[in-house]
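Asks: Okay, here's the prediction I keep looking at, along with the sequence it came from:
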Amino acid sequence: LDGIHLDGVFTLRTASDADRLMARAQAGARCVCIGGGILGIETAGALARQKADVTLLESHGWLMPRQLNPRAAGVLERHLQSLGIRVVKNARSRAILGDGRVTGVALQDGSSLPADLVLLATGVRPNTALARKTGLAVNTGILVDQYLRTSQPDIYAAGDAAEFNGQVYGAWAAAQFQGSIAALNALGLPTPFGGLPRSNTVKALGLDLTSIGQFLPDDGSYQVIEEETPGAYRSFVVHDGRLVGAILIGHATLAAPVKKAIESGLSLGDLLRRSPTAAELAAQITGA
C-alpha cells in the first residue's frame, strides 16, 4: 500500500512493536486495524480497552474467514460491537493517507476513514526469495513431501516457509512440530509428517473462541451439526462417521476434548445414526 512508511503505521512482529503501538493509543485516538484475522481482532480489542476509537477492516464478507463460518463470524462481530469496535466488511484498502504522519485510510470503493494510527494485520506470506534463487520448487511456500524434503532431497523446510499438501500453516504449533520432524529426517531417522488439523484460538477479547480442523464442509458428504445460544455457538463437522472440524464460541471446556477427538479419528457412527443435537454430540466427545 502507498503510505505504509508514514508515522503512525504499525505492524506487530515483536513485543517492542506492541509497546510502541499501545504507547500511542491514547483515549480517543482514531485507530484503523486493516485485517480481520486473529491478530487484527485481538489488537482491536486491546486498543478498545485503551478507550481508543477503533475501526476494524475485513476484505472478506465475514470476519476470520480462514477460521470461521459466516454464522460464527456473526456472533464474533456482535461481541466486537459490544466492545465499541466498528467492523467494516468487504473493505479493501487502497492507500494510507497523510503527509509525514497518518491522517486516514483510503478504500478501493472511493471512501476514506480518518485515522491517527493504522495497524497492518494482513497475514503472513512466506519469504521464498532464497529458495527460488536456488531452484527449489515453490508455490505459495517451499514445496515439501511427507518427510519435509524439498525438491532438492538434501534440503528440508519447516514452519511458515513450508507448504505441505497445499497448506502453509503459518502457526507456531505447526512450525514447532514440523521442525522436530524435519530434524529427525535430516538425521537419517525416517519420520513422516501426516499433517495437522488447523487449530486457532482467540485469547484477548473476553470471549472463548476456538476453530479446529475442517470447519467448512467440502460437499454434501459432510454433516454439520450446530447450535447457537445467546453469546455462544458450536458447530461440528463430521465426515465418514468421524469428527473432522469444529468451531466453538463460549464453550472453552470443549476445546481440548474436541481437538483430541479430531486428531485421534474418534468414531461417532452409532450416535450419528440417531441425528444427534450439538449438545448430544458434545456429550459423546467429552465422555470419550
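Replies: Looks like it came in fine.
Asks: Show me the shaky parts of this protein.
Replies: The model of the chain has pLDDT under 70 over residues 288.
Asks: the helices in the stretch 101-250 of the chain, which residues?
Replies: Secondary structure of the stretch 101-250 of the chain (DSSP state H, counting those that start in this stretch): helices located at 129-133, 172-186.
Asks: Indicate which one of the ones you listed is closest to Pro217.
Replies: Closest of these to Pro217 is helix 172-186, at 22.8 Å (criterion: CB to CB). Placement of C-beta: from N, CA and C, glycine included.
Asks: burial count for Thr42?
Replies: Rather than Thr, residue 42 is Glu. 17 (other CB atoms under 10 Å).
Asks: can you start the count at 2 instead of 1 from here on
Replies: Sure thing, new numbering starts at 2, so read that last one as Glu43.
Asks: mind checking which helix or strand it is in?
Replies: According to DSSP states H and E, Glu43 maps onto helix 39-50.
Asks: who's in contact with that helix?
Replies: Helix 39-50 is contacted by residues 13, 22-23, 26, 32, 34-35, 55, 57, 59, 64-65, 68, 77, 81, 84-86, 120, 122, 201, 203-207 when judged by CB atoms under 8 Å, 6 or more residues apart in numbering.
Asks: circling back: okay, the helices of the stretch 102-251 of the chain, which one's buried deepest?
Replies: Of these, the one with the most neighbours on average (mean count of other CB atoms under 10 Å) is helix 173-187, at a mean of 16.
Asks: C-alpha coordinates for it, CSV please?
Replies: Backbone C-alpha positions of helix 173-187 (Å, rounded to 0.1, in the frame of the first residue of the first chain) are rendered in CSV as follows:
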residue,chain,number,x,y,z
TRP,A,173,3.7,-21.7,15.9
ALA,A,174,2.5,-25.1,16.9
ALA,A,175,2.8,-26.4,13.4
ALA,A,176,6.2,-24.8,12.9
GLN,A,177,7.5,-26.4,16.2
PHE,A,178,6.2,-29.9,15.2
GLN,A,179,7.5,-29.6,11.6
GLY,A,180,10.9,-28.6,12.9
SER,A,181,11.1,-31.7,15.0
ILE,A,182,10.1,-33.9,12.1
ALA,A,183,12.5,-32.3,9.7
ALA,A,184,15.4,-32.7,12.1
LEU,A,185,14.7,-36.4,12.6
ASN,A,186,14.7,-36.9,8.8
ALA,A,187,17.8,-34.9,8.3
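Asks: which residues touch that helix?
Replies: 148-150, 157-161, 163, 165, 170, 191-194, 197, 200.
Asks: Go through the residues you listed and flag which are in strands.
Replies: Using DSSP state E, 163, 200 are the members of the contacts of helix 173-187 that sit in strands.
Asks: Are any of the contacts of helix 173-187 buried, and if so which?
Replies: Buried subset of the contacts of helix 173-187 (neighbour count, 16 or more other CB atoms under 10 Å): 148-150, 157-161, 163, 165, 170, 194, 197, 200.
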